[in-house]
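> okay, sequence plus prediction incoming.
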Amino acid sequence: MSKKNIDRSLIPGDEWLYYKVYTGPKTADAILVNGIRPVAQQLLQDKIIDQWFFIRYSDPKNHLRVRFKALGTEHIGSVINKIYPYFKSLVGQELVWKVQIDTYHREMERYGSNTMELSEQLFFHDSTCIADFLDVIEGDEGEELRWLFALRGMDTFLETFGFSDEEKLNLLDRLKTGFGIEFGMSRALKKQLDDKYRAESKKIDQFMLLSMENASDYLPILQILETRKSKNMPIAVAIMGHQQSGTLQLVLNDLMASYLHMFMNRLFKSNNRLHELVCYDFLYRYYKSKIARKKYQKSNAVAKSA
């Protein structure tokens with residue numbers, strides 16, 4: 001792969017156009033589904049942009065950070081003109097109180113200079129996946145599905161990168177331990193997590209083991225994750241190529257931890273770090289049980305053949 005210098009800071013007028021849309025955490029989902037997603041789909045179809053992605057943020061005011069990558073700087077005006085009427089209407093309805101165009105500072109230290117653009121492609125597929133998911137869920141059932149989707153979404157992502165169950169367990173052990181320290185993991189909090197996992201473990205197992213053939217009502221959700229997986233596959237191959245050739249500028253698990261964190265950021269409306277604590281803990285327990293079951297089945301098979 002040829003070496004290429006990429007810009008660390010992209011100002012208004014560069015190919016990446018960066019909006020901050022100040023709104024409440026609940027309204028953010030509706031804005032993503034009803035406005036940003038259809039506008040982005042149209043811009044992609046018209047070949048004005050080739051990527052977009054969002055993150056949720058507070059500085060300290062809640063807002064969406066939305067970035068569109070124009071197919072050439074001559075298309076920047078078209079992106080602004082396309083999104084303008086929607087943002088104008090949201091401000092008029094007082095659903096958004098400020099829209100700001102800003103400089104996009106790429107986090108090279110976090111994603112690596114030679115994997116930054118690959119990371120942006122992953123963010124694009126993540127954002128599309130989550131916006132599509134938000135479009136198919138509703139009400140209390142939708143909120144219940146959100147955390148199950150988080151578990152399966154993280155698992156599918158690690159699978160795309162060729163992680164074994166043991167490698168997944170090691171990464172999730174690190175993540176849940178780190179968040180446990182952040183939240184001051186007490187005996188009471190551990191008991192809460194134990195009780196919650198015990199109550200939900202059957203549901204988790206069922207959802208994680210769903211296949212396209214037996215998914216029934218969940219088929220659209222599995223298809224969304226499958227689409228993301230197939231789009232991410234060539235990117236994962238390129239990143240793992242860096243890992244194998246020794247040109248990856250970060251520890252692989254550090255990079256994976258950042259990707260999973262951003263997936264969780266996009267998925268949950270608020271209390272993101274608490275959701276991360278719970279979901280990392282649950283996924284760790286799921287892998288631990290899965291590995292233990294495999295070992296038990298293997299030893300049983302050996303005993304029977306003896």
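Structure's in. What do you need? Please read all numbers here as calculations on a predicted model, not as lab measurements. Numbers count the residues shown, from 1 in each chain.

> quick check: which ranges of this protein have low pLDDT?
1-4, 300-306 (pLDDT under 70).

> tell me where it has helices.
In the chain, the helices defined using DSSP state H lie at 25-31, 37-45, 76-92, 108-111, 116-136, 139-160, 165-182, 187-209, 219-245, 252-267, 272-305.

> which neighbouring elements make contact with the shortest one?
Right, the one you point to is helix 108-111. Under the contact criterion of 3 or more C-beta pairs under 8 Å, 6 or more residues apart in numbering; DSSP states H and E, helix 108-111 touches helix 252-267. C-beta: built from backbone N, CA, C; applies to glycine.

> what residues does the helix it packs on touch?
The contact list for helix 252-267 (C-beta atoms under 8 Å, 6 or more residues apart in numbering) reads 54-56, 110-112, 115, 119, 122-123, 126-127, 130, 133, 146, 149-150, 153-154, 157-158, 161, 163, 170-171, 174-175, 239, 243, 248, 272, 275-276, 279.

> distance check, the residue most central in space within the chain against Ile130.
Taking C-alpha atoms, centre = their mean as the criterion, Phe263 is the residue nearest the geometric centre of the chain, at 1.8 Å. Remark: distance between Phe263 and Ile130 (C-beta to C-beta, to the nearest Å) = 8 Å.

> what do you get for Lys88?
From Lys88 across to Ile130, the span is 25 Å (C-beta to C-beta).

> neighbour count: the two, which is higher?
Taking other C-beta atoms under 10 Å, Lys88 and Ile130 do not tie; Ile130 has more neighbours (25 against 12).

> skipping adjacent residues, who's closest to the more buried one in space?
Leaving aside its chain neighbours, Ile130 sits nearest to Arg266 (4.7 Å; criterion: C-beta to C-beta, 6 or more residues apart in numbering).

> what count of nearby residues applies to that neighbour?
Arg266 has 22 neighbouring residues, counting by other C-beta under 10 Å.

> same thing with Ala238?
Ala238 has 15 neighbours, counted by other C-beta under 10 Å.

> burial check on the residue lying closest to it once chain neighbours are set aside, number of neighbours?
With C-beta to C-beta, 6+ apart as the measure, Leu118 is the residue that lies nearest to Ala238, at 5.6 Å, once sequence neighbours are left out. Per other C-beta under 10 Å, the neighbour tally for Leu118 reads 18.

> look up how far Thr103 lies from Leu118.
Counting by C-beta to C-beta, the gap from Leu118 to Thr103 is 22 Å.

> please apply the same query to Thr177.
According to C-beta to C-beta, Thr177 stands 36 Å off from Thr103.

> which one's more surrounded, the two?
Neighbours of Thr177 and Thr103, each counted by other C-beta under 10 Å, are more numerous for Thr177; the result is 14 against 11.

> show me which of the contacts of helix 252-267 are buried.
Buried members of the contacts of helix 252-267, scored by 16 or more other C-beta atoms under 10 Å, are 54, 56, 111-112, 115, 119, 122-123, 126-127, 130, 133, 146, 149-150, 153-154, 157-158, 161, 163, 171, 174-175, 239, 248, 272, 275-276, 279.

> what about Phe207, neighbour count?
Residues lying near Phe207 (other C-beta under 10 Å) number 19.

> for Phe124, give me its contacts.
Counting by C-beta under 8 Å, 6+ apart, Phe124 makes contact with Gln51, Trp52, Phe53, Lys69.

> just Leu43 next, same as before
Ile49, Trp52, Phe68, Ser78, Val79, Lys82.

> just Leu17 next, same as before
Going by C-beta under 8 Å, 6+ apart, Leu17 touches Arg67, Phe68, Lys69, Ala70, Ile76, Val79, Ile80, Ile101.

> distance of the closest residue to it other than its chain neighbours relative to Ile101?
Excluding its sequence neighbours, the residue lying closest to Leu17 (C-beta to C-beta, 6+ apart) is Phe68, at 4.8 Å. Using C-beta to C-beta, Phe68 is found at 11 Å from Ile101.

> the more surrounded of the two?
Phe68 (27 against 13).

> before we move on, the earlier item: a markdown table for the contacts of Phe124, including neighbour count?
Shown next, in a markdown table, are the contacts of Phe124 (neighbours: other C-beta atoms under 10 Å):
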| residue | neighbour count |
| --- | --- |
| Gln51 | 21 |
| Trp52 | 25 |
| Phe53 | 25 |
| Lys69 | 22 |
